[in-house]
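> Sequence and predicted structure are below.
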Amino acid sequence: YSRKLRGANLSLDTIKRTYRSEDAVSLLEGYRMTIDALEPWKELGTTPEAKAFSGTADYTIDFTLDKVDEGTIVVLDLGRVESLAKVEVNGKDVGNVWSQPYRIPLTGAVKAGKNTLKVSVTDTWYNRLVFDAGQPQAKRRTWTLAGPKKGSSLRDSGLIGPVRVIRTKFSKPPKLQDSQ
């Protein structure tokens, strides 16, 4: 999927998400899906176990920048993330975000032309614990001494957005005149 940047900002409102279950407690091995919009995992039209996914999911999207001029600052604004995110652009690790604002500089990692953004979002085990609390003990995959009760509401998880690539031109500060 590719979007062309027009003007100063690029909205990545459609993004392909791939669950990566090898890092997860859930047994959704090899589970992959494409989504049309960013929303909490619990809102996806999937199985109850998938809605309660706890672990890491990768979101990827290709986008195009017309040009990246010298002095241009490029920042990724992830909007809302539940709980933390690792960001890569064109295979280069650009860092992690775990609190608001979920923004990270991309300058030096992006280029004119096609760019690939990968955001790996990891949530807590809470939703999996909720799911397991409603399962017979023999089918539970997690255990805890004081977890959520059966029937507890799932919490929002994932990349909720909106996601934007923001470009701004760096300008030199104005010269101050001498007061003498």
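Ah, there it is.
> ok now the helix ranked longest in the chain, how far from the chain's centre?
Longest helix in the chain, counting residues (DSSP state H): helix 126-133. Relative to its chain's centre, helix 126-133 lies at 22 Å (C-alpha atoms, centre = their mean, to the nearest Å).
> Against which helices or strands is it packed?
helix 48-51 (3 or more C-beta pairs under 8 Å, 6 or more residues apart in numbering; DSSP states H and E). For every residue, glycine as well, the C-beta is placed using N, CA and C.
> Name whatever forms a beta bridge with the spatially most central residue of the chain.
Nearest to the geometric centre of the chain sits residue 159, at 4.0 Å (C-alpha atoms, centre = their mean). Residue 159 has these beta-bridge partners by DSSP bridges: residue 81.
> So it is in contact with residue 37, correct?
No - look at residue 159 against residue 37 with C-beta atoms under 8 Å: they stay out of range, at 10.9 Å.
> follow-up on the earlier one: so which residues make contact with the longest helix of the chain?
24-26, 41-42, 48-49, 51-55, 140-144, 147-155, 157 (C-beta atoms under 8 Å, 6 or more residues apart in numbering).
> where along this structure do the strands fall?
2-4, 9-11, 16-20, 56-65, 72-77, 80-82, 84-89, 92-97, 103-105, 113-122, 158-161, 164-169 (DSSP state E).
> Give me the distance from the fourth one to the chain's centre.
Think strand 56-65. Centre-to-centre, strand 56-65 and its host chain are 9 Å apart (C-alpha atoms, centre = their mean).
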